[in-house]
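Enquirer: Here is a sequence with its predicted model. Questions after.
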Amino acid sequence: MTKRNLVSYTNPGSQIAEQFRTIRTNIQFLSIDQKHKTIIMTSPSVGEGKTTSAINLAISISQQGERVLLVDANLRSPSLHTSFNLKDSYGLTDVLMGRTSLEEAVFQTQIGRLEVLTSGLIPPNPTELIGSRAMNYFINDVKEEYDTIIFDSPPVLDTTDTKLLAGQCDGVVMVLNSGKTDREKAAEANRLLNLVRAKVLGVILNQKE
């Protein structure tokens, strides 16, 4: 596992880990009337830290005793498997296409009750797969199995994949990089999510390194 990406687990007393606990609490406050079980982590553009944020939020929620599934829904440029040192053999695409079951594809981590589903084989038609009926069935199935499901998704401005997924999930968390994210791009990403009636739960502002 990559320690830098898993700071909420490797260094739970750190300021960064505390910030993710705050984010977790804020989402829970938003879920008082209706629990947000399916959450998308995205950003306007690449390189803003959304995957690291998705991992640490998932760790933080799982440390409370919730059963959490972290899904790599970036079918164009997946990276979750590298953070957990996994072979990206079976994953989301294989489950959606009926090549394997969810139980066989998930990886049980040693972190709380956190499980990881990698992207699987990169398909020639990622947009069609994300917008498919099989994806809709998958979301309904995992909502029955898990307390919280976090999707690491492509940047909003790069593909239509995230917008399609956002229309099926309970909420979206936008990750921005302080000093890097263009304000116009951030505003455009927010506008596109609003068009599909996605519920933007909040924004994580990463510090520029």
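Expert: Now that the structure is in, tell me what you want to look at.

Enquirer: who's in contact with N206?
Expert: 48-49, 53, 175-178 (CB atoms under 8 Å, 6 or more residues apart in numbering). Every residue, glycine included, has its C-beta placed from N, CA and C.

Enquirer: switch to 7 Å and redo it
Expert: Applying CB atoms under 7 Å, 6 or more residues apart in numbering, we find N206 in contact with 48-49, 175-178.

Enquirer: among the residues you listed, which are in helices?
Expert: Here DSSP state H is the test, and the contacts of N206 give no hits in helices at all.

Enquirer: Which among the residues you listed count as buried?
Expert: Buried members of the contacts of N206, scored by 16 or more other CB atoms under 10 Å, are 48-49, 175-177.

Enquirer: and the contacts of N206 as TSV, adding pLDDT and distance to N11?
Expert: Formatted as TSV, the contacts of N206 follow (pLDDT from 0 to 100; distance: CB to CB, whole Å):
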residue	pLDDT	distance to N11
E48	80	22
G49	85	17
V175	89	20
L176	88	23
N177	83	21
S178	73	21
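
Enquirer: From these, pick the one nearest S14.
Expert: The nearest member of those to S14, counting by CB to CB, is G49 at 15.7 Å.

Enquirer: Tell me which two of the contacts of N206 sit farthest apart.
Expert: The span of the contacts of N206, defined through CB to CB, is set by V175 and S178 at 10.8 Å.

Enquirer: which helix is the longest one in the chain?
Expert: helix 15-30.

Enquirer: any residues touching that helix, and which ones?
Expert: 7-8, 11, 36, 56-57, 60-61, 201-202, 204.

Enquirer: as a whole number, average confidence for that helix?
Expert: Mean pLDDT, helix 15-30: 76.

Enquirer: Any buried residues in that helix, and which?
Expert: So, applying 16+ other CB under 10 Å, buried residues of helix 15-30: 16-17, 19-21, 23-24, 27, 30.

Enquirer: Save the residues you listed as CSV, and put in distance to L92 too.
Expert: Shown next, in CSV, are these (distance: CB to CB, whole Å):
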residue, distance to L92
I16, 27
A17, 27
Q19, 28
F20, 24
R21, 28
I23, 24
R24, 24
I27, 23
L30, 26
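
Enquirer: And R133, how close does it get to L157?
Expert: Distance of R133 to L157, given as CB to CB, to the nearest Å: 26 Å.

Enquirer: oh sorry, the question was meant for S43
Expert: Distance, S43 to L157, by CB to CB: 9 Å.

Enquirer: Which stretches in the protein count as strands?
Expert: 38-42, 68-72, 107-108, 114-117, 148-152, 171-177, 200-206 (DSSP state E).

Enquirer: So which of those is nearest N125?
Expert: Closest approach to N125 among the strands of the chain is made by strand 68-72 (17.1 Å; CB to CB).
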